[in-house]
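>>> any chance you can model this:
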Amino acid sequence: MIKLYPTLGEAYRLKVLFNDLWEMPDKPAANAFLRQWCREVDAAKIPAFMKFANTVRAHWSGIVHFVTSRITNGILENINSKIQLAKRRDRGYRNINNFINMIYLLCGKLKFDYPLYFT
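Below is the predicted model of the structure:
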């Protein structure tokens, strides 16, 4: 199949090669790897990969930072989603302090010690 469709074989090779990025030990290695990978994509001239390589170039520092730190902004995106939900749910707040209090209640994981039994 790869002999019949050489572009498909090259695309698969580039895809598998890109996965090696996540095993890079440090920033210089990750930078060198990305530079080489982008050069290979430019030489292959596959439109979808060229578009992806442009996206990689646009987010270069974030990708390299993730390789070294393994920290993403997923938690921040989750909190932002909860805040946007609170904003849509009530369709507005009387003042900003009420909105801030609702954000603390939804995102703060507050524990309230309510009495278990009424006396």
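>>> if I pick residue 72, what's in contact with it?
By CB atoms under 8 Å, 6 or more residues apart in numbering, the residues touching residue 72 are residue 66. (Each C-beta comes from the backbone N, C-alpha and C, glycine too.)
>>> checking it next. Helix, strand or coil?
Three-state assignment for residue 72 (DSSP: H, G, I helix; E, B strand; the rest coil): coil.
>>> and the pLDDT for it?
Here the pLDDT value assigned to residue 72 is 86.
>>> and it, its phi and psi?
phi -110, psi 180 (degrees, to the nearest 10).
>>> ok, residue 90 - contacts?
Contacts for residue 90 (CB under 8 Å, 6+ apart) come out as residue 102.
>>> where's residue 80 relative to residue 86, distance?
Plainly put, residue 80 is 11 Å away from residue 86 if you go by CB to CB, to the nearest Å.
>>> ok, now how distant is residue 15 from residue 42?
Distance from residue 15 to residue 42, by CB to CB: 16 Å.
>>> in terms of neighbours, single out the busier of residue 80 and residue 86.
The neighbour count for residue 80 versus residue 86, taken as other CB atoms under 10 Å, is higher for residue 86 (16 against 12).
>>> start to end distance for stretch 51-65?
Using CA to CA, to the nearest Å, the end-to-end distance of stretch 51-65 comes to 21 Å.
>>> which of the residues in it are buried?
Residues of stretch 51-65 classed as buried: 52-53, 56, 63-64 (neighbour count, 16 or more other CB atoms under 10 Å).
>>> run the chain-centre distance for that stretch.
Taking CA atoms, centre = their mean, to the nearest Å, one finds the center of stretch 51-65 at 11 Å from the center of the full chain.
>>> helices of this structure, residue ranges please.
In the chain, the segments counted as helices under DSSP state H are 6-18, 27-44, 47-58, 60-69, 74-90, 96-107.
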